[in-house]
Structure formats: structure tokens, C-alpha cells
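**Q** Pasting the sequence and the predicted model now:
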Amino acid sequence: MDENEAFEYVKSTLKKEKITPYHSDELEIVKSIGACINCGLCINHCPVVASVGLDRFSGPRSIAVELSRSPPEFWATADKVYLCTGCGTCREVCPKNVNIPEIVNIVRANIFEHRPDLVPKGLMIVKEIIEEHNLAFEPWEDKEEKEESRDMRLERLGIPYIPDVVKENAEVLFYPGCQAEERAQEVREAAKAILDYFDVDYTLLDEFSCCSLPSHLMGDAKTARNLAHQLKGKVKKLGVKKVVTTCAGCTSNLADLSVRDEWGAPAYHLLEYLVEEIGFEKLADALKKVAKPNDVHVSVHDPCHLIRHTSRQVMEHALNILRLMPGVRVTESVEHDNCCGGGGMVSFHASEVANSVVQENMMALEKTGAERLVTPCPLCTAQIENNLFKSGSSIEVDDLTVFIAQRLPKKE
Amino acid sequence: MDLETDLVVIGGGMAGLIAGTIAAEAGLDTILLRKGQSATAYSSGAIDVIGYLPEASEPIISPEEGLFALSRLYPLHPYNVLGYDKRIEFEKVMENIVGRTKDTVTWLKAHLDGTIAPLMGDFESNMHPITILGTTKPTCLIQKTMHNGDVQDREDSVLLFVGIMGYADFNPSTAAKTYLEDRMAAAGPPRKVGHCIIQVMPFGKPYNVSSIELARHLDHEGSIENLAEQLKEHIEQIGATHVAFPPVLGLQDALKNKEKLEELTGTTVFELLGFPPSIPGQRLQRALETIFTKAGGKMLLGHEATSYLKVDDNLKSITAASPRREIKIDAKAFVLATGKYIGGGIAGDETGLRETVFDLKPVTGDYHSAMEIVPSRFTSRLSISPTGQPIQSCGLSVDPRFRPVDEDGLEWAKNLFAAGAVLAGYNYSVEKSGLGVAATSGYSAAKNAIEFIKEVA
Ligand SMILES: Cc1cc2nc3c(=O)[nH]c(=O)nc-3n(C[C@H](O)[C@H](O)[C@H](O)COP(=O)(O)OP(=O)(O)OC[C@H]3O[C@@H](n4cnc5c(N)ncnc54)[C@H](O)[C@@H]3O)c2cc1C
Ligand code: SF4
Ligand code: SF4
């Protein structure tokens, strides 16, 4: 019996009790919860507690000492446990680094399996879309319209169109993520333009499919494992050496999958690739070649999945790249690293919670006097952009990949 | 991914952040790693230098007096490490110890001015702020928001303890009772003490309200005016001259909020010292981070030092791990400020105690090997005893330059310095010396690291 079969066997024996045994890669997470010293430090830092109060969302300590320890099917925790944005702030400040964001996913997986009736409806809608299309968003019905939309965006932004390439044995697989594949197409195109500019030998997927993070976050462990399996097959078949993405969530998730599923190709955010593989020197040369760059005053938002799920050094790279750009002035806001509220699938079922989290960021942003916000994640971009727009703010938001592509000279 | 720098500081509490700030101000390229927040963020936010001698029940009048007593009773106390330096003449040892501690206190006060945690008090005498239990505690520096003015001097003073509905961490009637008994025993003012409950509802509900919600809420426009309005009636009722709040007066603007409340109510308003994790502790932690980054230091939050490379007696690099990346950092010198059991610098299990980054050999409070000390057997049955828990005094033994030494008394590496709670030989909870030792040793470790880097260059 291999490990999977053993797992399924044990699971079947516990079905009546509504207990799902833990996968071996979940044990570390479960153990980390046991290290909680019940100190409450995390509560003071949780962005959801800060914006809706402890009464609505009982906070990370309660997840560690109560919600993750309730009856096998965890059903009693459902109204709270779906409000965590998975931002990882609690884990980062916790003296014991208790892995709250991941235990939340495990609890959600138990609810999903045993009490699907308690999963928020908004998440079930996404589940159906993923099942049907292998994508987290409803794809465009009309391919031509999709292309038109893409071309319009590229023209407005002044980014060149580079035709898609799909080939085996390229150095790099560029993986745009669902948001850039279907919605923020300019991010996908901008990344291609950047990779092309620096003559990176890259390929796209023949047929794009979701990285599995949304399924993982809503607790649909089965679909998550299926999608991960599918993606592994595609990466293996292409035979690439590295995987590069422009989405913060994909970065951390692909980094996990590439290790867990032994892809033999590590995954990076484009920023990391630019700094570590292309290098500051080449970047500086290129960025300086632009004839008359516009002066622009920007502020930056740090995506949780890059700073707290990957490494804070990634945003250090982002700032260093911005500093290389002639005419660009950066003012950091005091809430630059506060969650935008868009994570953990919260915005799909409790948008009022997600939107109150982002208020803190918006207030701090206004204080910087910046005219533009840049952030290396298309999902953070959308969440912040929508809310700024609704509030009537004049601040514009750009995905950082787009911002970089716009400031590269024409390729000689 | 590799980085190169002059100094790496491991640990982001009081000791690490002070060491880092001193180094960055001296022009060193400094990177500080922090895997989490810790004792500094938990603290009440008041800086203890030395409040009690172990086993004594009367508080110490001034830090200087305390340091003199410590030097005689506990020559190996971290405050006395300076004294082992052979370069210092015997007669000057005490002068140096007192001088360095005083310099640290003055430095800290000056640096935190203008941050969200400005301090007051001085090295000449301990202060006695009131806690949320209604007791007082000796400490050297308090945050300005905790200053209770002349409540204990003015003959006609009347103190009102204010609780908040739905905020369970503070019971104003118990605090008032305890405090009044204490003052009656001391036969000093205030002779009248009252208590009341008001409503502050950050999210529109008068229940299940937490410190952080209150603090953030009071930073918002209009909240203080609303609070003052409710207070007036209670103040008039008992003729209060002073008003005590739990420590939630604000995260960013606590001092401004205190002053505004004073203006609106015509009383002296102050925060009590609270339970961990307190908002003033959080303000102190943030303020220290601010001065470090302002000095040009670089902070790598969420990174843990997990391994190192040492060649002969020279520490070359450490590896900093984040959730999904590893960074190798080369440096000329290193400061270990990883705290104790909460911070994670020292850990213990059934096999004994160990230092967690370099596997250095911990010692007990009397400097015997602590490697085989089993935590459960090194704690006394009384949770609060005048001698404290012996396990609290375990940690690293250092040379006069604050470099950890191994069993034979030789430094483990010539460029590794240690500071703060990771050190052995003191028991902060009985002495009331925690943040003071962390600050002074952080200050000293940094000075020595700077000197070392200059010598090598
Ligand atoms: C509940 C409580 C209340 C207290 N109240 C007071 C008070 O009111 N006044 C007072 O003066 N003292 C108080 N003390 C004592 C005082 O807070 C501590 O003695 C002091 O903060 C120690 O500071 P430190 O910098 O040495 O350690 P810490 O503040 O514990 O910092 C250690 C740091 O090292 C980091 N770290 C550990 N290992 C690694 C690693 N491998 N890699 C990277 N980072 C690492 C930790 O994450 C943490 O940031 C209190 C202590 C406690 C526990
Ligand atoms: S999760 Fe961490 S910070 Fe929160 S209560 Fe537990 S130990 Fe403290
Ligand atoms: S992951 Fe973020 S939202 Fe979730 S409990 Fe922790 S701090 Fe709060």
C-alpha cells in the first residue's frame, strides 16, 4: 500500500465519525498550533480584527486555541474561520510563529468535506467555475472580444504586443495566474514584453490552468490536489528549468508545489527573476535608455503572499528597481505592508469585510501625496483600485509588472 | 540569494534594535533579522533598570543605588560585565558601570522623543507608576502617557479609575479599592478614589471589546471629544482631579489624546500599566523599529537565523530563512539578541537547555553549566516567589566585550557579541530590570562590535 492508498484507507474507516486524517505534509502545521502560548500578541496585529472588531472576527489567537480545536467536523467555527484573509501577519509577529493561515485552510477543508452546506455560497460559485474551466474566473466567451480588450489595454498603456510562444525545453515557464490570464491581461502581456526585452528564453503553457490556490483556500482539497497534479504534468512535459509568475499568490503557492510535488523547477516572482537572473546593472541600463520618462510620484503596496508568505526581501527588490527608474519618486505609506483585504477568498463572500480592511491602506495612502500606487500582484491591484475608485480618489493603481514594462525602451 | 553587510543583528526586541540603531548611526551597514515579536512587545512599555534586589521586599530608590548593590551581591550580573574589562582601572569600574547604564538611559530617552512612545523619568530616581491592579511598581522610565502628575503629592487630589464597558481586561472598582488601601497605609494622598464605567464602542457594540480596537478607535477623529463628554459627569460627581485609564489611549497618537482629554476635562489624565501584551509595549516596539530604520538600518522581518558558517574563530555568515526563501548573509560582525524562552534564544526540553542559533552552552544564574538542566526541575513550586524562578537566570556567559564564551571561558567566535535576555545571571521578573538590561547590553554589544570592525579594518 503506498502512502496515498493508506491515507484513503484510514480515511474510509473514519468516515462515520466525520474525521479526516491529516496528510503528512499537514503535520508540521498541526504541530505548530500546539506551540501557541495563548499570549494574544497576534490579536493586536490582525488586520481583520482591526477593521471589523473582535466580536465579528474572533482573531488569530482564537483560531489557535479554540477554532482549530473544536469537534472533528469544525462546523461550529464556520462563521469565523472564513473571515481570515490568510495574510500571515499573525504568524509573522507570533513569537512561536504559529501557522494560523495554514491551519485555517485545514479547518476549511474539514468543513468543506463534512458540512459543505456551511461553506459560504460565494465560494461555492467559484468552486463551480474552477470545476468547469480550470480557472478561478469565468473565461471570456468570445475569444475575439478578449483579444480586442487586450489590444485596447496595451495601446492605452503603450506596451508592445509580443505574440505567445509555447515550446519545450525553454529556460523559463511564464505563468501569469488566473487574474492576469483572464482579467488583467495587460499584466500577462507586460511580463512577456519584459522577458522578451531581456531575451529570456521562455514559454507559456499550451493550455493555462489554475495553480490551485483558490481551491486550497476555500478548503476544496480534492480539486486543489487535482489542479496541482495537472500543472505538474504540464511543467514536466515542457521541461523548463524555472517557473516565473507575476502574481503574489501564485508565487507562494507554486513555490510550495514545486517542492512538494518535486517539479525540479523552482518558482519565482518576476521581480526575483529580474534581480537575481537579469541583474541590476542590465536593468539600470535599460531603464535609463528611455528618452523622456514622465515624472511620477508613487507609493507601493506589499502583497501578503510576497512578503509574509515568501520573503520580505522580494519587496526590497521592488523598491530597488523603482529607485533605478529615472523620474520616479517613491514615498512609502505607513500601511504599505497591511493586507489589502483581498486574500483568503474573503472578498468572494464577505466583500464588506475585505473592503473595510483596505480602508486603513487607503487612508495612509492619501497621506503620502502619491499620485499612483504600484504593487506586484494583479489581485491586490484590483482590490485596491476598485476601492479607491469607489471612494472617489484620484490615485491610480498599476500592477508593478505593467509599470516596469512601460518604462522599458523599445527593443533595438 | 546572498547579501553582504557589516553587521548582522539577530533578534528584534529592545536589545537587538538598540544594538542595530547604534551601529547604523555609527555608519555600519546593518541588517537585523527578526523571526517574531517577543518580550519587548509584551512588556508594559515602561523601562525598568533595577527595581528590587532579589529577596528584598522594599523597592530600590534609584537605579544608581541598585547598581552599587548589584555589583557587591551579584558581580556576574550583566550590568557588571563592563567591570571585567581589564582595560578599566579597578577604581573606575563602578563609575564605568553606572556611566554606561546612565548613557544608555539618556540615549534611549533622547531617541524615543518624537516617536509614538516618548519617555520620561531619569536615572537619578525610580518612578512609581500605578498598574491596572491598583498597585504601584518601581521603574526607571515611563511613557509620557503614564505620567500621573501630582496625584500622590497634592493634598486635595481625587483619582477616578475609568473602565470601559465590554472591556474585560480592566476592573476599575478593584483597582480603586487596592489603590486606596495602599495610599491609606502610606498615609498620603489621594484620600478619595472613585471608579466609573463609560462606553466606547469602536464597532457599535458595548461588549467583547479589545485593547487594540480601543486604541485604534481613539486615534480616530472625534473619539476623544465623545469620551470627554461622557467623562465630565463622572468627574463632577466625585470632584476628580486625576483620571486613570487602562493603557489604550491610542496607538499612534496616545500622547496627543491624553493632552486633549486633559484640556477638555480640566484634569490630569494618564494610562495605567497593563497586562501583556499591552498597547504601550506595542508602541515601544514600533518606536524602536522606527529609530532603527531612520538610522539607516535594514530590517528583515519574518526571517529566522537557522544556520551559520564559521571558519576558525571567525563567524562568516548566517542563513536567514523566511517561509519560502533562504538568504545567506555575510558580515564582519554579529550580535545575538534572540531573547530567552519566549523570544526563542534559549530553549529547553527533557534533555536540557540549549542556545538555539549557534548551539552555545548556556549556564545557570551561578554560572554552572545549564546543559543538563531540565526546565521542569529548575522551577520552584511557588509561581511567584521572592527569589524568582531559577530557570529565568539561565542563559549565555559572556566576556568583558559581551562575546559569548564556552566552557573554558574563551570566546566562541571573535566577532559574535550577545545582548539582552539571552544572557545569564539576572532574573528580570524579580529584579524589575528586563528592558534596562536589554538596552544597556545592546548598547554595549554594539559599541564593542563597532570597535571590533574598526580594529579589523
Ligand atoms: C510579559 C512580560 C512583561 C514584561 N514587562 C516588562 C516591563 O514592563 N518593563 C521591563 O523593563 N521589562 C519587562 N519585561 C522584561 C523585558 O521585556 C525583557 O527582558 C526584554 O524585552 C528582553 O529584550 P530582548 O531584546 O533581549 O529580547 P526579546 O524582546 O525577547 O527579543 C528577542 C527577539 O529575537 C528574535 N529571535 C529569536 N530567535 C531568532 C532567530 N533564530 N532568528 C531571528 N530572530 C530571532 C525574536 O523573534 C525577538 O524578536 C517583561 C517581560 C515579559 C515576558
Ligand atoms: S498564535 Fe502566537 S501570538 Fe497568537 S496567542 Fe498564540 S503564541 Fe501568541
Ligand atoms: S492570517 Fe491575517 S487575517 Fe488571518 S488571523 Fe492571521 S492576521 Fe488575521
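**A** Structure's in. What do you need? Here the structure is a predicted model, which means the values were calculated and not measured. Numbers count the residues shown, from 1 in each chain, chains lettered A, B, ... in the order given. Ligands and ions are numbered 1, 2, ... in the order given.
**Q** Can you give the domain ranges for the chain?
**A** In the absence of a named chain, chain A is used. Domains of chain A are assigned by automatic domain parsing as A:3-119, A:132-276, A:289-406.
**Q** was after chain B, sorry
**A** B:2-113+B:283-338+B:426-456, B:130-272.
**Q** Out of those, which is the most enclosed?
**A** Per residue and on average, the most neighbours among the domains of chain B fall to domain B:2-113+B:283-338+B:426-456, with a mean of 21 (mean count of other C-beta atoms under 10 Å in any protein chain shown). Heads up, the C-betas are built off the backbone N, CA and C, glycines and all.
**Q** close enough to count as contact, residue A:214 and residue A:122?
**A** No - in this structure, residue A:214 is not within contact of residue A:122 by C-beta atoms under 8 Å, at 11.7 Å.
**Q** So residue A:324 is in contact with residue A:286, correct?
**A** No - applying C-beta under 8 Å as the test, residue A:324 and residue A:286 come out as separate, 9.1 Å apart.
**Q** right, and the domains of chain B - which one's nearest residue A:396?
**A** Closest approach to residue A:396 among the domains of chain B is made by domain B:130-272 (26.8 Å; C-beta to C-beta).
**Q** does ligand 1 sit close to the helix or strand hosting residue B:6?
**A** Element membership for residue B:6, per DSSP states H and E: strand B:2-10. Yes - using C-beta under 6 Å from any ligand atom, strand B:2-10 reaches ligand 1 at residue B:10.
**Q** next one: stretch B:38-53
**A** Yes - residues of stretch B:38-53 are located near ligand 1 by C-beta under 6 Å from any ligand atom, namely B:38, B:39, B:40, B:42, B:43, B:44, B:46, B:47, B:48.
**Q** thinking again about what came up before, have a look at residue A:214 and residue A:122 and say which one is more surrounded.
**A** residue A:214 (25 against 17; other C-beta atoms under 10 Å in any protein chain shown).
**Q** Residues touching the least confident helix or strand in chain B by mean pLDDT, excluding its own?
**A** None of the helices or strands of chain B scores lower by mean pLDDT, DSSP states H and E than helix B:428-431, at a mean of 88. The contact list for helix B:428-431 (C-beta atoms under 8 Å, 6 or more residues apart in numbering or on different chains) reads B:48, B:50-54, B:386-389, B:392, B:421, B:434, B:437.
**Q** Helix or strand next in line after that helix, which one?
**A** Assigned by DSSP H and E, the successor of helix B:428-431 is helix B:434-456.
**Q** On the three-state scheme, the residue in chain B that ligand 3 sits nearest to is what?
**A** Using C-beta to the nearest ligand atom, the single residue of chain B nearest to ligand 3 is residue B:212, 11.7 Å away. The three-state assignment at residue B:212 reads helix, by DSSP: H, G, I helix; E, B strand; the rest coil.
**Q** Please give me every residue in contact with the spatially most central residue of chain A.
**A** Nearest to the geometric centre of chain A sits residue A:249, at 1.7 Å (C-alpha atoms, centre = their mean). If you count contacts by C-beta under 8 Å, 6+ apart, residue A:249 has them with A:177, A:211, A:213, A:303, A:305, A:343, A:377, A:379.
**Q** what's the helix or strand for it?
**A** Using DSSP H and E, residue A:249 sits within helix A:248-260.
**Q** For the residue nearest to the centre of chain A, give its distance to ligand 1.
**A** According to C-beta to the nearest ligand atom, to the nearest Å, residue A:249 and ligand 1 sit 26 Å apart.
**Q** do the same with residue A:380
**A** On the measure of C-beta to the nearest ligand atom, residue A:380 and ligand 1 end up 27 Å apart.
**Q** Quick one: residues contacting that residue.
**A** Taking C-beta under 8 Å, 6+ apart, one finds A:248, A:301, A:303, A:340, A:342 in contact with residue A:380.
**Q** Looking at these, state which has the most neighbours.
**A** In terms of neighbours by other C-beta under 10 Å, the contacts of residue A:380 top out with residue A:303 at 32 neighbours.
**Q** residue boundaries of the helices in chain B?
**A** B:14-25, B:39-42, B:63-73, B:93-112, B:172-186, B:211-219, B:223-238, B:254-265, B:279-294, B:428-431, B:434-456 (DSSP state H).
**Q** The last one vs chain A: in contact?
**A** Translated: helix B:434-456. No - against chain A, helix B:434-456 shows no contacts by C-beta under 8 Å from any C-beta of the partner chain, the least distance being 15.0 Å.
**Q** residue ranges with poor pLDDT in chain B?
**A** Residues of chain B that meet the criterion pLDDT under 70 lie in B:382-386.
**Q** Could you do the stretch 51-200 of chain A as well?
**A** In the stretch 51-200 of chain A (pLDDT under 70), the answer is A:71-72.
**Q** quick one, helices of it?
**A** Ranges of helices within the stretch 51-200 of chain A are A:59-65, A:78-81, A:89-93, A:100-114, A:121-133, A:143-157, A:177-178, A:185-197, based on DSSP state H, counting those that start in this stretch.
**Q** quick one: strands adjacent to the next helix or strand after the last one?
**A** Proceeding C-terminally, helix A:185-197 gives way to strand A:202-203 as the next helix or strand, assigned by DSSP H and E. In the sheet containing strand A:202-203, its partner strands are strand A:172-175 (parallel), by DSSP bridges.
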